[in-house]
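Peer 1: Dropping a prediction and its sequence here:
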Amino acid sequence: MSEDLKTIKELADEWGITKQTIQYHIKFLPTENRQKNDSGITVLTLEEQWIIKKRIKRKDKNKQTENRQKNDKKQTENRQEKLTVNSVLLEQVSDLKEQNNDLRKLLDQQQRLALQDKKLLEEYKAENDNLKALKMPSQETEFKHLDNQYKDEVNALKEKLENLQEQIKDQKRIEEQEKPRKWWGLWRK
């Protein structure tokens, strides 16, 4: 019979819980037949031990359920957070792709303009060479007087040359304005 009776400390050590937990559950047991050993320490019968163990298991199950629910909630929140971060990252990637496409278009446009400018410069140089050739008199024409018609043509070509040179200057000015400035030079102008 004494093997069936155990003290609160013995039960706590055996079950791996605190004495306070067992004392808490003893409050819910009927106090009429509470037994004490020779030293005056409260001992619990097998039936009381069984009731306390059952209550502890029920509380453990409730705690496990609560813990599982908390873990599920945390996992759901983590998933939502990851989804939010992923959507933000996807949006940023699409924005970067769009910027990249815009930059490619601008670069292509700039290259086309540079090619056009190069062609124009070559044409202007060719015309300039022609004008220079007209200005230099050959030995035959050195002794002849130029007609008014030739003088008018030369003057017209000179005006055309000046116009073309102004266009070249304007084109260069436009190119310089279109060149992107470095970030460290933004506050200078």
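Peer 2: Thanks, I have it. Numbers count the residues shown, from 1 in each chain.
Peer 1: which residues in this protein form strands?
Peer 2: Counting by DSSP state E, one finds strands in the chain at the ranges 6-7, 35-36, 42-44.
Peer 1: Out of these, flag the one nearest E14.
Peer 2: Across the strands of the chain, E14 has its closest neighbour in strand 6-7 (7.5 Å, CB to CB). C-beta here means a position set from N, CA and C on the backbone, and glycine is covered the same way.
Peer 1: Now that closest one: average pLDDT?
Peer 2: The average of the pLDDT scores along strand 6-7 is 86.
Peer 1: any chance of the strands of the chain in CSV, plus distance to I51?
Peer 2: Output for those, formatted as CSV (distance: least, CB to CB, whole Å):
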stretch, distance to I51
strand 6-7, 13
strand 35-36, 15
strand 42-44, 9
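Peer 1: Least confident of these, on average?
Peer 2: Set side by side, the strands of the chain differ in mean pLDDT, and strand 35-36 is lowest with a mean of 80.
Peer 1: Partner strands of that one and their direction?
Peer 2: The strands beside strand 35-36 in its sheet (DSSP bridges) come out as strand 42-44 (antiparallel).
Peer 1: Buried ones in the strand it pairs with, by neighbour count?
Peer 2: Neighbour-count burial for strand 42-44 flags 43-44 (criterion: 16 or more other CB atoms under 10 Å).
Peer 1: mind exporting stretch 40-47 as CSV, just the C-alpha atoms?
Peer 2: Backbone C-alpha positions of stretch 40-47 (Å, rounded to 0.1, in the frame of the first residue of the first chain) are rendered in CSV as follows:
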residue,chain,number,x,y,z
GLY,A,40,3.1,14.8,8.1
ILE,A,41,3.8,15.2,4.4
THR,A,42,0.9,15.0,2.0
VAL,A,43,0.8,11.8,-0.1
LEU,A,44,-1.3,11.1,-3.1
THR,A,45,-3.1,7.8,-3.8
LEU,A,46,-3.0,6.1,-7.2
GLU,A,47,-6.4,7.5,-8.1
